[in-house]
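> following is a predicted model, sequence given first.
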Amino acid sequence: MNPVLINDTTLRDGEQAASIAFNIEEKIAIATFLDVIGVDEIEVGIPAMGQAEQNAIAAICELGLQAKLLGWNRAVISDIQACIACGLQRVHISIPVSAIQINAKFQGQWQLVLQKLKDSVNFALDQGLFVSVGGEDSSRAEENFLLDLVLSAQELGASRFRYCDTVGILEPFTTYTKIKQLVTSLAIPVEMHTHNDFGLATANALAGIKAGAISINTTVNGLGERAGNAALEEVVMALKHLYHYDLNIDTRRLIEMSQLVTSASGYDLPPWKAVVGANNFAHESGIHAHGVLQNPNTYEPFAPEELGTSRRLVIGKHSGKHLLSSVLQQHDIILNPEETQSVLDAVREESVQKKRSLTTQELLYLVETQIKV
C-alpha cells in the first residue's frame, strides 16, 4: 500500500476564498499548527502577490518546520524568482490545460502553453528546486493533450503532477477512471486537487487515492474558492477509517486546528460540519441517544476521543425518556414514570418555543416547576 501525503493549501487556496485575508501572525500560527499535527507539506502562498505575502512566507520559512514548504506559481520565471527570494526550495508551477482556460489566457495558443511550461520548469530545476507541475482544469482537458503535457513535464524533470478539478465537476467514478489511466502512464506521482462545487471534493480526492494517486491537497474546514476544497479533517479521518491509512497526523488536535482557522477566517462552521462540527457527537433524538447509552458504536463511526473531544447528550424536542432519565441521574434526580413523562412533555414544549435544545440549567428549572424534588 503506497503512502499517502497531505499537502495542505489552507494558506494558498484556502485564503483565496472570497472575503478571506490572513495577517502574518495568523499565517505563521496556521503553518505552525499544521506542522505540529504532522502535515507532510504546506503550500504557504503565492510570493508573486507582493511584498506583504513574501514577508509572511519568508517568516514561515525561518521557523524551521518539519513540514516541507511549497510556493505556488504561474509558469512565469519572475514568480519562481519570488519564491527563491522568500527562501523556498520547493515550487509548484500551474499551467492551464483545458481549451476553455487556454483560450481565455493564451488566446488558444497550445504551443505557447508547452513552451512556458518548459521554460519555467527548466529555470526552476536550474536553481536546484523541487518542482511540482499542476494542470489547471485537468478534469475538463482533452485527454491526449493532458497526457502529452504531463509526459513532457515528467521528461523535463518535474517530480510530481497535480491533477486539478478546478471547478469541481468530477464525481468519484469518473475520477477513478481518469486517475487510473494517468497513474498507469506516468513514472512520477500524481496529486489530487479537488473542489467542492457539487459537494464531492473529499469523495473525489479519495477516489484518486484509490486509483493510485499518493498526495492530496487539503484545506482546513474545506476553506477555499467558491464552495471550497477537500477538507483536511475529512480526508484524514476518511483515510484512517475507510482506507486504513496511518498518516501519523495527530487527529486529537483537528478540532483545535479547525477552530484556529475559523477564528482567522472570521466565519463560523455549521454545527453539522463533518468531523469538526459541534454536533458530530451530540445526541438528542430518543432512538439515537438510547442506542449510544447502550453502545456508542450504534450511532458513532469513530470515538470522540480520537478528536480530543467527548460526546454530548442533548435534551430537546426529540429526546426520549431514557435520555432524560440518564441526564437527571447525573444530578442525583430520579423520577417515577409519570413524573418523567410530565417533565418530558414540558421539555418538548419549551424546546419548540426556544427553537433549540435546553441547557442543563433550563432543564433543572423545568424539573423544579413540574416536580417537587
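Thanks, I have the structure now.

> by mean pLDDT, which helix or strand of the protein comes out lowest?
helix 286-294 (a mean of 72; mean pLDDT, DSSP states H and E).

> C-terminal to it, what's the next element?
Moving toward the C-terminus from helix 286-294, the next helix or strand (DSSP states H and E) is strand 312-313.

> how far is the very next helix or strand once past that next one from where the chain is centred?
The helix or strand immediately downstream of strand 312-313 is helix 321-329, counting by DSSP H and E. How far helix 321-329 lies from its chain's middle: 37 Å, per C-alpha atoms, centre = their mean, to the nearest Å.

> what's the mean pLDDT across helix 321-329?
On average, the pLDDT along helix 321-329 is 80.

> packing partners for the helix or strand that it is followed by?
The helix or strand immediately downstream of helix 321-329 is helix 337-354, counting by DSSP H and E. Helix 337-354 sits against helix 321-329, helix 360-370, with contacts defined as 3 or more C-beta pairs under 8 Å, 6 or more residues apart in numbering; DSSP states H and E. Heads up, the C-betas are built off the backbone N, CA and C, glycines and all.

> what sits opposite the residue positioned nearest the centre of the chain in the beta ladder?
Central residue of the chain (C-alpha atoms, centre = their mean): Ala231, 1.5 Å from the mean position. Counting by DSSP bridges, Ala231 forms beta bridges with Thr219.

> wait, isn't it in contact with Val220?
Yes: between Ala231 and Val220 there is a contact under C-beta atoms under 8 Å: 7.3 Å.

> follow-up on the earlier one: please work out which of the helices and strands packed on helix 337-354 is packed deepest.
Ranked by mean neighbour count, the helices and strands packed on helix 337-354 are led by helix 321-329 with a mean of 18 (mean count of other C-beta atoms under 10 Å).

> okay, the angle between that one and helix 337-354?
90 degrees (axes from the mean of the first three to the mean of the last three C-alpha atoms, to 10 degrees).

> output helix 321-329 as CSV, nothing but the C-alphas.
This file holds the C-alpha atoms of helix 321-329, laid out as CSV (Å, rounded to 0.1, in the frame of the first residue of the first chain):
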residue,chain,number,x,y,z
LYS,A,321,-37.4,9.1,28.5
HIS,A,322,-34.1,7.1,28.6
LEU,A,323,-32.0,10.1,27.8
LEU,A,324,-33.9,12.4,30.1
SER,A,325,-33.6,9.9,33.0
SER,A,326,-29.9,9.4,32.3
VAL,A,327,-29.2,13.2,32.3
LEU,A,328,-31.2,13.8,35.5
GLN,A,329,-29.5,10.9,37.3
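
> and the angle for that helix with helix 360-370?
Using the same axes, to 10 degrees: helix 321-329 against helix 360-370 is 100 degrees.

> host element of Ile84?
Using DSSP H and E, Ile84 sits in helix 77-86.

> could you look up the SS state of Gly134?
Of the three states, Gly134 takes strand under DSSP: H, G, I helix; E, B strand; the rest coil.

> any idea how far Ile84 is from it?
Distance of Gly134 to Ile84, computed by C-beta to C-beta, to the nearest Å: 19 Å.

> these two: which is more packed in?
Neighbours per residue (other C-beta atoms under 10 Å) separate Gly134 from Ile84, with Gly134 holding more: 25 against 16.

> now do the contacts for that one.
Going by C-beta atoms under 8 Å, 6 or more residues apart in numbering, Gly134 touches 92-95, 161-162, 164, 191, 193.

> farthest-apart pair in those residues, please.
The most widely separated members of the contacts of Gly134, counting by C-beta to C-beta, are Ile95 and Glu191 (14.5 Å).

> alright, that wraps it up for me.
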